[in-house]
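K.L.:
Turn this into a model:
(chains A and B)
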Amino acid sequence: MQIRRLISGGIIDRDKSISFKFNGRRLTGYAGDTLASALLANNINLVARSIKYHRPRGILSAGLEEPSALVSCTDRQGVFVPNLKATEVVLESGLVARSQNFWPFLSVDFGATLQLGCRLLDAGFYYKTFMWPKKWWHLVYEKIIRHASGQGRIENNRDAKLYDKRMMHCQILVIGSGPAGISAAKCAAESGASVVLLEQAPTLGGSAAWEQTKVDSIPASQWLQRTSRELEQQPSIRITLNTLAFGQYDQGLVLAVEQSRNKAAAIYWRIRAKRIILASGASERPLIFPGNDRPGIMLAAAARQYIYRFAIRPGERAFLAIADEDELQATRLALEYAGVEVVGNLPRGGKLINTRGWHRLSQIRFTDELGKKQKLRCDLMCVSGGWAAQAHIAAHLGDKLTFIPSLDALLPASQMGLVFPTGSCRGLAEINDCIEDGVQQALRAAAQLGLVPEPEPDLPLPRAGPAYHQHHQDGAMAFVDLQNDVLRGDIEQALGEGYEDIELVKRYTTLGMGTDQGKTSWTNAMLELARLKREDSNTTSHTTFRPPYSPVSFGALVGADTQSNMTPVRHTPFYSAFKAAGCIFQTSGNWVYSRYFPSQNETMEQAIQREVLAVRNAVGCVDMSTLGKVDVKGSDALEFLSRIYCNNIETIKPGRLRYLLMLREDGILYDDGTVAQLADNHFLVTMTTANSAACWRWMNKLLQTQWRDLDVQLTSVSDHWASLAIAGPEARHLLRHLRPDFHIDRDSFPMASVRQGSLDENMPCRVFTVSFSGELSYEINVPAGFASSLYARVIDKGADFGITPYGLETLDILRIEKGHLSIGTEIDGRTTAADLGLGKMVSTSKAFIGSSLLQRPALSREDRLQLVGLEAVDGSSAIPLAAHLTAAPWKPGVVQLPLGHLTAAIQSPTLGRSIALALLTGGHRRMGETLWAVSPVNNQSVEVRVGSSCFVDVTGSRLHA
Amino acid sequence: MLLINCPYCGERDQSEFSYGGRIRNYPALDSSASIETWHRAIHLHDSSQTPIGEYWHHECGCEQWIEINRDVDSHEMTPVSGSDALPGRGQS
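P.N.:
Sure, this is the predicted structure:
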């Protein structure tokens, strides 16, 4: 039974009854209601408990500024959202809403007993109370604080909503469709601009839809209907409802979130506009007096909105404390229309003393103009201390609003960057002024775009309002910020403790934080602060306004980029063939890379052991397709390569290949790879998987910005070629059985060569003799589409030789056994080529990138971290992973200077014992020394002997077999 | 999110670009270039003046490296004069 609903009137659809639940009670409202209006219609005024004192709270406002009426909602689709303002929740059937911050019951709350003690939780309470003993911080205090803090609770369910991100472009963006916004949009469109109009509510018009005012001589609602119709006929205007613009960014970028009608989806809009007209309106300022937070105390304009828009009688006996004379009259008329008895109003010069009431206002006490104490029984109090412009978005780029003493308000300038504030967010109150202002601002915006001539600079001026910053009675429970339970006394205390700046006051008291971002509190707080500091208000500023203007869900910001859509997944050309072969994969960056190939019932360790031994004793094959490959052509190609790689490569011949090192500009080793000369002025360079994209960018950058005179053409061919390396003593036999159309005996196809031709006369190929494993190795490259076919042939022809496919794990073990380098471990952004034992590869006869800064003395000091190999002294202990090197074993509590750290540690299948690579201070001169590899994490210490970083085939005889 | 005027493509969103650092002019690559010369070219920038010259790579567009003057107060970005006359690599 909607006992507070008026018999007629309102912009609601009485034919569509909507059923919903609030705190377990089944209730009904009408289509067009918000949750707040439906609750009021059902005479529910106690909606929430406040965060600190658990005070009973009701509904203060009718819009996004609502500080108190916070609820958790589950919609019909089961989507749960905490901390919604009841005033912003559109009533939908099946909605289940619950109050927050109460325990065990909303009506009987244990936490509310805190208020009996009064001022227990003053500003800085948590900082000062939960200090000692220190060991309680985690054990006790954290639990207490976490239980007591925060608004609402979240659920861990997956967000079932659909999200998307989209772009919009326009010349003039209008934010808000109240009287000013809608007239600005119409005028802008008529001047020829492409216009986007955003409205946060489901319908156009803002207050024009319900306020009982007149535009010229016709009622505002009629004017609105006519203007909306005209607007919809404009072809160059796009109207987007249910869309909250929440932030302004550089160069006309505005971010907004559009909710779908049924709330099951949301679109995150990025709107790029040449000019922005901000018509986001204003909200009323409450009054600060003891007990100003009781349910039943409501902003005057909100009361009018509940009466005219939702046809609700918000109380029976009303008391008015309204600053503006016109608004006082309008509110009085509205209350009379709704059948509410107005029992009195606060006279000019009167002071509010306090209120009474348990779950709802029941009595108001004040002094009249003669200073005589009065008390009146009432259940509704309409308050207004004037208006506060909601021009946050205009100030998002850093410019602040200015305090206008004559208006007692913080207002934006008439143009702030690309933003033209208009209407009540510029301080205008009267509807005809707002409409005229919208037109004028639209013309000014259009004129700056060259669409219309510059208009006369005669904007309507904000009318001087009443200076009503009346200081009411001091007392305990006088709230400045209802959402965060910040009292007037808290501001005073913050000042007393030295937090004088408004930004510090905000942080110390939490004033203006939370889901309402202080929309009803910040002007009052600023004036209060100025009063306490005995400062002129216009030297006091507001805190920095930052996006979002009103809360936006993380889901909307993230969009569809979740789960597998978060990053692209890259498969090598061999993926399907490997999958069929039972390969276990792992991700490495964006790549899905083969990890190992288990036979039946094999563990990973067993599989790796088998794979390694197969490569050392027979032949294995491994996917090398992820290496970066760049085709370099042009008459200056060799010159270019000679500048970016540190090796002497000027003597390279067609058909040959070199191992290369690339340095950074500062001489530190950056990447390794190979260059193969395919023909005159035609090279193929490879780079590591990890750096392939960065190297490609870097090479292009050099050619496009530094060396524009070089004749070089680069083509990235990384994805064009499938690359399978066959490695092991039997590799040459296997290659022969693949029937290449070129000679492959040792002398005609030695190590470090490249041949182009075909396999079995039907598969084009490039074969490189290059080895990462230390074994005789051929890297067979075929066009990517031939990958599965090549793999099938290698497995087929290799069966007699014991062909064994292997993955990343075995690849890594093989390279560690040989002391080959890897990006991120040895090439770690701090080491030079000489540190890693490759000093001889650095040319001293030419200049290249990094050659000058490599000469810096510190880069050739002998006590640098240098690459060495380690073996356990006892020959059997396992060297702990990621250990540090010290002179003595690890002992708890004893600090030792670390001499270096391990970069790799494995159980070598080839050698049958544990080996490791390490970067050791002055390592190259410590050969034969014994040290300790210590791992405090595992509480392990193993004595190790320093030696060469190459453990297998030190002379390289296998390579050239 | 800035708006960058690519001399090849026109105004595009910053998300299409990646930042490439301050504009630098390499000393000549020959043995005469001292450590000091390279140190100045690579590590030292005058941060006091605006606009500052920057490289931007139109990675999700024409793949060209462009030179931009960015006003660090207003974030206004203008192509370095003359750089729009660059021959586009790979576009000839």
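
K.L.:
Return the residue of chain A that is most distant from the centre.
P.N.:
A:Asp747 (59.1 Å; CA atoms, centre = their mean).

K.L.:
Confirm it sits in a helix?
P.N.:
No: secondary structure of A:Asp747 (DSSP: H, G, I helix; E, B strand; the rest coil): coil, not part of a helix.

K.L.:
So what does it look like in phi/psi?
P.N.:
Dihedral angles phi and psi of A:Asp747 (degrees, to the nearest 10) take the values phi -80, psi -40.

K.L.:
Distance of it relative to A:Ser753?
P.N.:
To A:Ser753, A:Asp747 is 11 Å away according to CB to CB, to the nearest Å. (Glycine included, C-beta is placed from N, CA and C.)

K.L.:
Who are the contact partners of residue 21?
P.N.:
This is for chain A. A:Leu27, A:Leu95, A:Val96, A:Ala97 (CB atoms under 8 Å, 6 or more residues apart in numbering or on different chains).

K.L.:
sorry, should have said chain B
P.N.:
Counting by CB under 8 Å, 6+ apart, B:Gly21 has contacts B:Glu54, B:Tyr55.

K.L.:
Would you mind naming the helix or strand containing it?
P.N.:
Using DSSP states H and E, B:Gly21 sits in strand B:18-22.

K.L.:
Now that strand: buried residues?
P.N.:
B:Gly20 (16 or more other CB atoms under 10 Å in any protein chain shown).

K.L.:
Stretch A:222-239 now?
P.N.:
For stretch A:222-239, burial by neighbour count (16+ other CB under 10 Å) applies to A:Trp223, A:Leu224, A:Gln225, A:Thr227, A:Ser228, A:Leu231, A:Gln234, A:Ile237, A:Ile239.

K.L.:
The helix or strand harbouring the first one: how far from the chain's middle?
P.N.:
The reference is to A:Trp223. Following DSSP H and E, one finds A:Trp223 within helix A:220-232. With CA atoms, centre = their mean, to the nearest Å as the basis, helix A:220-232 stands 40 Å off its chain's centre.

K.L.:
ok, residues contacting that helix?
P.N.:
With CB under 8 Å, 6+ apart as the test, helix A:220-232 has contacts from A:179, A:182-183, A:185-186, A:189, A:197, A:204-205, A:208-216, A:237, A:239, A:431.

K.L.:
Need the residues that contact the helix or strand containing A:Asp490.
P.N.:
Using DSSP H and E, A:Asp490 sits within helix A:488-496. Contacts with helix A:488-496, where a contact means CB under 8 Å, 6+ apart, come from A:119, A:122-124, A:288, A:474, A:476, A:478-480, A:504-505, A:508-509, A:511, A:525, A:528-529, A:532-533.

K.L.:
C-terminal to that helix, what's the next element?
P.N.:
Next helix or strand after helix A:488-496 toward the C-terminus (DSSP H and E): helix A:502-509.

K.L.:
Now do the buried residues in the next helix or strand after that next one.
P.N.:
Sequence order places helix A:522-532 as the next helix or strand after helix A:502-509, per DSSP H and E. Buried residues in helix A:522-532, counted by 16+ other CB under 10 Å: A:Trp522, A:Thr523, A:Asn524, A:Ala525, A:Met526, A:Leu527, A:Glu528, A:Leu529, A:Ala530, A:Leu532.

K.L.:
Can you flag the buried ones in the contacts of helix A:488-496?
P.N.:
Using 16+ other CB under 10 Å, the buried members of the contacts of helix A:488-496 are A:123, A:288, A:478-480, A:505, A:508-509, A:511, A:525, A:528-529, A:532.

K.L.:
just to revisit the earlier point, in JSON lines: the contacts of A:Lys21, plus secondary structure.
P.N.:
Converted to JSON lines, those look like this (three-state DSSP):
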{"residue": "A:Leu27", "secondary structure": "strand"}
{"residue": "A:Leu95", "secondary structure": "coil"}
{"residue": "A:Val96", "secondary structure": "strand"}
{"residue": "A:Ala97", "secondary structure": "strand"}
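
K.L.:
ok so, going back, neighbouring strands - and their directions - for whichever helix or strand comes after the helix holding A:Trp223?
P.N.:
Going down the chain from helix A:220-232, the next helix or strand is strand A:237-240, by DSSP H and E. When sheet partners are counted by DSSP bridges, strand A:237-240 sits next to strand A:195-198 (parallel).

K.L.:
What is the distance between the partner strand and the centre of its chain?
P.N.:
Here strand A:195-198 is found 26 Å from its chain centre; the criterion is CA atoms, centre = their mean.

K.L.:
Same question for stretch A:394-402.
P.N.:
Between the centre of stretch A:394-402 and the centre of its host chain there is 23 Å, according to CA atoms, centre = their mean.

K.L.:
Extract the C-alpha set from it and format it as PDB.
P.N.:
Extracted as PDB, the C-alpha positions of stretch A:394-402 are listed here (Å, rounded to 0.1, in the frame of the first residue of the first chain):
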ATOM      1  CA  ALA A 394      34.800  22.200 -15.800                       C
ATOM      2  CA  ALA A 395      37.500  22.000 -13.100                       C
ATOM      3  CA  HIS A 396      38.900  18.600 -14.000                       C
ATOM      4  CA  LEU A 397      41.800  20.000 -15.900                       C
ATOM      5  CA  GLY A 398      43.100  21.900 -12.900                       C
ATOM      6  CA  ASP A 399      41.500  25.300 -13.000                       C
ATOM      7  CA  LYS A 400      39.400  26.000  -9.900                       C
ATOM      8  CA  LEU A 401      36.000  27.500  -9.300                       C
ATOM      9  CA  THR A 402      36.000  31.000  -7.900                       C
END
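
K.L.:
Quick check: buried residues in that stretch?
P.N.:
By 16+ other CB under 10 Å, the buried positions in stretch A:394-402 come out as A:Ala394, A:Ala395, A:His396, A:Leu397, A:Lys400, A:Leu401.

K.L.:
Walking through chain B, point out its helices one by one.
P.N.:
B:35-43 (DSSP state H).

K.L.:
so where's chain A shaky on pLDDT?
P.N.:
The model of chain A has pLDDT under 70 over residues A:102-133, A:137-139, A:141, A:144-150, A:262, A:463-470, A:537-539.

K.L.:
Spell out which parts of it neighbour chain B.
P.N.:
Residues of chain A lying near chain B by CB under 8 Å from any CB of the partner chain: A:167, A:249-253, A:270, A:272, A:643, A:665-666, A:697, A:700-701, A:703-706, A:708, A:713-714, A:847-849, A:851-853, A:855-856.

K.L.:
OK, contacts around A:Arg272?
P.N.:
So A:Arg272 contacts A:Met167, A:Met168, A:His169, A:Cys170, A:Gln251, A:Gly252, A:Leu253, B:Leu3, B:Asp13 (CB under 8 Å, 6+ apart).

K.L.:
out of those residues, which are buried?
P.N.:
Burial by neighbour count, 16+ other CB under 10 Å: within the contacts of A:Arg272 this picks out A:Met168, A:Cys170, A:Gln251, A:Gly252, A:Leu253, B:Leu3, B:Asp13.
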